[in-house]
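Participant: The following comprises the amino acid sequence and a computationally predicted model.
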Amino acid sequence: MTDLDAYISRYGGYTKLRRLDWIAQRCPALAPDCYRAALTLLRQGINTQSYRDISTRAVVLMGPEHAVDTEWAEQVDRRYQQSVDRLEAELNSYKINLIKESIRMGYNELGDLSYRRGDLKQALKCYARTRDYCTTNRHSAEMCLHVIEISADMGNFIHVNNYVLRAEHTPDLDSVVKAKLRAAAGLVHLDQREYAKAARKFVDVAPELGSSFDGVVAPEDIAVYGGLCALATFSREEMRQRVLDNASFKNFLDLVPQVRELTNDFANSRYRSCLKYLADLKGDLQLDLHLHRHLDTLYKMVEDKCLMQYFSPYSSVRLGAMSEAFGIEVPELEKKVAALVISNQISARIDSTNATLHAKHTEQRGISFRKMHEMGELYQRELRLMLVRMSCMEHDFVVRGSRSMTSSSLSTTGVLEEPSSMAGLGLFGAMGGGGGGSGVGGGDEDAGAAAAVAAVAAAEAAAAAEGGGGSGVVVAPAATEAGAGTQE
């Protein structure tokens, strides 16, 4: 990291201390500078617990001049306790008088004090308790943002997601609040390794966000997180529409020129330059609080996508030419391409003797014939079903139930339902089932069954005489002609 002071000045609140501590642990070369900056920051606040912890580590690394100032820490502790006692007394008086707005403000003041103290759990409790005393949409959104910020500092992104969803359903949100919610939602998706969703959230963040959310992310982070996730998951066309031609996101990209240039290089197929920018950024990004766990995965996804897009228009390509285009040695490049072939991300074969990559062309003619055959069978099936329905309508083929029939044996239209065992015969075969569950009682059942059988036989004979037997459609005369009319 070239300039620690410039980097850390982007952030505010508790996350500034977290990032300094994180960098000190990840990069021993920067640890002395991080500890000095952290101790200076802590001496300006009331977080004596973190002050004692960092001072203890600083003494081990840099010597006794950074030992804990016990007298100062004890004075701060006393002042903090006095402030807590005063605020709790005021809050109790507000509760006695049932003043909702004052109670809400009292909890907020206690939450702010606990946050500056570094007691995140207590701060979260205080902010969450304001929920019952919010009287406007602005108050509800403010409560959600407080909880989101604290939960992000605690690394509890499930809690962040819950309150992002709650806040998004609040009416009349202004553009700054919406931008904060999109940024927070992007962090949630990033934490869950949903990189495409994270990219869409980050690139949709409005420039009105500015530095108003520096307790969670800086504007530069929006550019880096959004740019990398987009490179890893967006197609070239989507990159052009949602990133390069996105006027709002350009404001963030301009803050990090390396990310802006590598996205342009990717869109314009300048893969060597794109990968070089990524390599230059990797050292700093490994020290990022939120991105470090995902960096290797994202870098591999971007590199694989570059290789696939380079090869896609060719039927064959020399590995030497690819090596020049990517700035990667041929043996290493061959391993990367082989991994893509094995994982079926590239449909190709490698000629190691001639150092050439040949595309595999699928038999499009056979695929087309198979699709046509499947479509023809589907069309025939639908045509048969349509002809059956037309025959029913044309010949008024229906058996109406008598008064003795139970409601369970009738469909909603009053037509006998088709038993599942007779599904191959269609609606008409069900009528010839006799007493096998038709629900018709006594002599009516036998008469109806006999009439139905006679009707089906007559229909088959008529269909054969007309030459329609091959169609598979059975038609029958009207029920009155077959002697199976409705009993009055």
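Facilitator: Yep, that arrived. Predicted, not measured: the structure shown is a model, and the values here were computed from it. Residues are numbered from 1 along each chain as shown.

Participant: Helices of the stretch 151-300 of the chain, start to end?
Facilitator: With DSSP state H, counting those that start in this stretch, the ranges of helices along the stretch 151-300 of the chain come out as 157-168, 175-191, 195-203, 219-233, 236-239, 247-253, 257-267, 271-285, 295-311.

Participant: Next, the angle helix 219-233 makes with the last one.
Facilitator: Between the axis of helix 295-311 and that of helix 219-233 there is an angle of 50 degrees, by axes from the mean of the first three to the mean of the last three C-alpha atoms, to 10 degrees.

Participant: Helix 295-311: which residues count as buried?
Facilitator: By neighbour count on 16 or more other C-beta atoms under 10 Å, the buried set for helix 295-311 is 295, 298, 299, 301, 302, 303, 304, 305, 306, 307, 310, 311. Quick note: C-beta positions are derived from backbone N, CA and C, even for glycine.

Participant: elements contacting that helix?
Facilitator: If contacts are counted by 3 or more C-beta pairs under 8 Å, 6 or more residues apart in numbering; DSSP states H and E, helix 295-311 sits against helix 219-233, helix 271-285, helix 319-326, helix 330-342.

Participant: could you give the mean pLDDT of that helix?
Facilitator: The predicted model assigns helix 295-311 a mean pLDDT of 93.

Participant: Give me whichever of the helices and strands packed on helix 295-311 is most buried.
Facilitator: helix 219-233 (a mean of 25; mean count of other C-beta atoms under 10 Å).

Participant: Counting by contacts, list what it packs against.
Facilitator: helix 175-191, helix 195-203, helix 236-239, helix 247-253, helix 257-267, helix 295-311.

Participant: Reformat those helices as TSV; add distance to residue 108.
Facilitator: Formatted as TSV, the helices and strands packed on helix 219-233 follow (distance: least, C-beta to C-beta, whole Å):
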stretch	distance to residue 108
helix 175-191	17
helix 195-203	28
helix 236-239	42
helix 247-253	30
helix 257-267	37
helix 295-311	37
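
Participant: looking at those, which has the lowest confidence?
Facilitator: helix 236-239 (a mean of 86).

Participant: Just the buried residues of that helix, please?
Facilitator: residue 239.

Participant: helices or strands next to it in the packing?
Facilitator: helix 219-233, helix 257-267.

Participant: what residues does that helix touch?
Facilitator: With C-beta atoms under 8 Å, 6 or more residues apart in numbering as the contact definition, helix 236-239 has outside contacts at 230, 231, 263, 266, 267, 309.

Participant: rerun at 10 Å
Facilitator: Contacts with helix 236-239, where a contact means C-beta atoms under 10 Å, 6 or more residues apart in numbering, come from 196, 199-200, 203, 227, 230-231, 233, 244-246, 263-264, 266-269, 305, 309.

Participant: which SS state does residue 317 fall under?
Facilitator: Under the three-state scheme (DSSP: H, G, I helix; E, B strand; the rest coil), residue 317 adopts strand.

Participant: so what's it closest to, chain neighbours aside?
Facilitator: residue 357 (5.3 Å; C-beta to C-beta, 6 or more residues apart in numbering).

Participant: Least confident secondary structure element in the chain?
Facilitator: Within the chain, no helix or strand scores below helix 426-431, which has a mean of 42 by mean pLDDT, DSSP states H and E.

Participant: can you pull the contacts of the most centrally placed residue in the chain?
Facilitator: Nearest to the geometric centre of the chain sits residue 197, at 4.5 Å (C-alpha atoms, centre = their mean). Contacts for residue 197 (C-beta under 10 Å, 6+ apart) come out as 185, 186, 188, 189, 190, 229, 233.

Participant: For stretch 371-379, C-alpha coordinates in CSV please.
Facilitator: As requested, the backbone C-alpha atoms of stretch 371-379 are provided in CSV (Å, rounded to 0.1, in the frame of the first residue of the first chain):
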residue,chain,number,x,y,z
LYS,A,371,-35.4,-31.1,-32.4
MET,A,372,-37.6,-31.3,-35.5
HIS,A,373,-38.7,-34.9,-34.6
GLU,A,374,-39.6,-33.9,-31.1
MET,A,375,-41.6,-30.9,-32.3
GLY,A,376,-43.4,-33.1,-34.8
GLU,A,377,-44.4,-35.7,-32.1
LEU,A,378,-45.6,-32.9,-29.9
TYR,A,379,-47.6,-31.4,-32.7
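
Participant: How far away from the center of its chain is it?
Facilitator: Between the centre of stretch 371-379 and the centre of its chain there are 36 Å (C-alpha atoms, centre = their mean, to the nearest Å).

Participant: Equivalent analysis for stretch 261-274, please.
Facilitator: With C-alpha atoms, centre = their mean, you get 26 Å for stretch 261-274.

Participant: Dump it to PDB, restricted to CA.
Facilitator: Taking C-alpha atoms only, stretch 261-274 is exported to PDB below (Å, rounded to 0.1, in the frame of the first residue of the first chain):
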ATOM      1  CA  GLU A 261      -8.900   1.200 -17.200                       C
ATOM      2  CA  LEU A 262      -9.100  -2.500 -16.600                       C
ATOM      3  CA  THR A 263     -12.800  -2.500 -17.300                       C
ATOM      4  CA  ASN A 264     -12.200  -0.600 -20.600                       C
ATOM      5  CA  ASP A 265      -9.500  -3.100 -21.500                       C
ATOM      6  CA  PHE A 266     -11.700  -6.000 -20.900                       C
ATOM      7  CA  ALA A 267     -14.600  -4.600 -23.000                       C
ATOM      8  CA  ASN A 268     -12.100  -3.900 -25.800                       C
ATOM      9  CA  SER A 269     -10.400  -7.300 -25.700                       C
ATOM     10  CA  ARG A 270      -7.100  -5.900 -24.400                       C
ATOM     11  CA  TYR A 271      -6.600  -8.800 -22.100                       C
ATOM     12  CA  ARG A 272      -2.900  -8.400 -21.500                       C
ATOM     13  CA  SER A 273      -3.400  -4.900 -20.200                       C
ATOM     14  CA  CYS A 274      -6.400  -5.900 -18.200                       C
END
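
Participant: what residues are up against residue 341?
Facilitator: Going by C-beta under 10 Å, 6+ apart, the list of residues near residue 341 reads 347, 348, 349, 350, 357, 360.

Participant: And the buried ones among those, selectable in ChimeraX?
Facilitator: Applying 16+ other C-beta under 10 Å to the contacts of residue 341, the buried members can be selected in ChimeraX as follows:
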select :348,350,357
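
Participant: Next, format the contacts of residue 341 as JSON lines and append secondary structure.
Facilitator: Output for the contacts of residue 341, formatted as JSON lines (three-state DSSP):
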{"residue": "347", "secondary structure": "coil"}
{"residue": "348", "secondary structure": "strand"}
{"residue": "349", "secondary structure": "strand"}
{"residue": "350", "secondary structure": "strand"}
{"residue": "357", "secondary structure": "strand"}
{"residue": "360", "secondary structure": "coil"}
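
Participant: low pLDDT regions in this protein?
Facilitator: Applying pLDDT under 70 to the chain flags residues 1-2, 361-364, 398-488.

Participant: now the longest helix belonging to it, how far from the centre of its chain.
Facilitator: Looking across the chain with DSSP state H, the single longest helix is helix 364-395. Distance of helix 364-395 from its chain centroid, counting by C-alpha atoms, centre = their mean, is 39 Å.
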